[in-house]
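Here you go, sequence then predicted model.
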Amino acid sequence: MISELGRIIEKSKARYTAILKAIASSCRRWSDIKAFTKARTGPIPDNRFNELLEKLTKYCYVEKTNEEYTIEDPIVKYVVLNKL
(Lines give C-alpha, C1' and ligand atoms only; values in the text may rest on other atoms or scores of the structure.)
Protein backbone atom coordinates (compact mmCIF):
# COMPACT_ATOMS: atom_id res chain seq x y z
CA MET A 1 0.00 0.00 0.00
CA ILE A 2 2.85 2.37 0.80
CA SER A 3 4.50 1.81 -2.58
CA GLU A 4 1.19 2.25 -4.43
CA LEU A 5 0.51 5.53 -2.63
CA GLY A 6 4.11 6.57 -3.22
CA ARG A 7 3.72 6.18 -6.99
CA ILE A 8 0.59 8.31 -7.00
CA ILE A 9 2.03 11.15 -4.92
CA GLU A 10 5.62 11.17 -6.19
CA LYS A 11 5.29 14.16 -8.56
CA SER A 12 3.98 16.50 -5.83
CA LYS A 13 4.95 14.53 -2.75
CA ALA A 14 5.15 17.46 -0.32
CA ARG A 15 1.73 18.79 -1.29
CA TYR A 16 0.01 15.39 -1.37
CA THR A 17 1.55 14.52 1.98
CA ALA A 18 0.38 17.80 3.50
CA ILE A 19 -3.16 17.28 2.17
CA LEU A 20 -3.32 13.73 3.51
CA LYS A 21 -1.87 14.72 6.89
CA ALA A 22 -4.36 17.57 7.17
CA ILE A 23 -7.29 15.23 6.58
CA ALA A 24 -5.87 12.51 8.84
CA SER A 25 -5.42 15.16 11.55
CA SER A 26 -9.12 16.09 11.49
CA CYS A 27 -9.18 18.95 8.99
CA ARG A 28 -12.39 18.26 7.09
CA ARG A 29 -13.30 21.36 5.09
CA TRP A 30 -11.59 22.43 1.85
CA SER A 31 -10.47 25.77 3.31
CA ASP A 32 -8.93 24.14 6.40
CA ILE A 33 -7.11 21.52 4.34
CA LYS A 34 -5.81 24.19 1.98
CA ALA A 35 -4.63 26.41 4.87
CA PHE A 36 -2.79 23.44 6.42
CA THR A 37 -1.19 22.60 3.06
CA LYS A 38 -0.20 26.21 2.41
CA ALA A 39 1.41 26.44 5.87
CA ARG A 40 3.46 23.30 5.16
CA THR A 41 4.37 23.77 1.50
CA GLY A 42 3.84 27.43 0.60
CA PRO A 43 1.28 29.07 -1.69
CA ILE A 44 -0.72 26.85 -4.01
CA PRO A 45 -3.25 28.02 -6.61
CA ASP A 46 -6.83 26.86 -5.99
CA ASN A 47 -7.02 24.98 -9.28
CA ARG A 48 -3.83 23.00 -8.54
CA PHE A 49 -5.00 22.25 -5.00
CA ASN A 50 -8.32 21.00 -6.39
CA GLU A 51 -6.51 18.73 -8.87
CA LEU A 52 -4.49 17.12 -6.09
CA LEU A 53 -7.49 16.66 -3.81
CA GLU A 54 -9.60 15.24 -6.66
CA LYS A 55 -6.87 12.75 -7.57
CA LEU A 56 -6.74 11.49 -3.98
CA THR A 57 -10.52 11.15 -4.06
CA LYS A 58 -10.44 9.39 -7.44
CA TYR A 59 -8.02 6.77 -6.10
CA CYS A 60 -10.17 6.34 -2.95
CA TYR A 61 -7.55 7.49 -0.46
CA VAL A 62 -9.89 10.35 0.50
CA GLU A 63 -13.66 10.41 0.61
CA LYS A 64 -15.84 13.48 0.13
CA THR A 65 -19.23 13.61 1.82
CA ASN A 66 -21.32 16.76 2.22
CA GLU A 67 -18.38 19.07 1.47
CA GLU A 68 -16.18 17.33 4.03
CA TYR A 69 -13.15 15.15 3.35
CA THR A 70 -12.14 12.09 5.37
CA ILE A 71 -9.80 9.13 5.25
CA GLU A 72 -12.06 6.20 6.06
CA ASP A 73 -9.57 3.36 5.63
CA PRO A 74 -7.74 2.91 8.97
CA ILE A 75 -4.68 1.47 7.22
CA VAL A 76 -4.37 4.49 4.93
CA LYS A 77 -4.82 6.79 7.92
CA TYR A 78 -2.12 4.93 9.86
CA VAL A 79 0.31 5.10 6.93
CA VAL A 80 -0.34 8.82 6.46
CA LEU A 81 0.20 9.62 10.13
CA ASN A 82 3.13 7.29 10.77
CA LYS A 83 4.95 6.50 7.53
CA LEU A 84 4.78 9.63 5.34
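Okay, I see it.

Next up, the contacts around E63.
By C-beta atoms under 8 Å, 6 or more residues apart in numbering, the contact set of E63 is T57, Y69, T70, I71, E72. All C-beta spots, glycine's among them, are computed from the backbone N, C-alpha and C.

same check, this time on T57
So T57 contacts E63, K64, Y69 (C-beta under 8 Å, 6+ apart).

Of those residues, which is the nearest to L53?
Of all those, Y69 has the smallest distance to L53: 7.1 Å, by C-beta to C-beta.

quick one: low-confidence ranges for this structure?
Within the chain, the segments meeting pLDDT under 70 span 1-2.

Which stretches in this protein count as strands?
Remark: strands assigned in the chain by DSSP state E are 63-65, 68-70.

Of all those, which one is nearest R29?
strand 68-70 (6.3 Å).

Which residue is most remote from the mean position of this structure?
Distance from the centre of the chain peaks at N66, with 17.1 Å (C-alpha atoms, centre = their mean).

ok, of the contacts of E63, which come out buried?
Among those, the ones that count as buried by 16 or more other C-beta atoms under 10 Å are Y69, I71.
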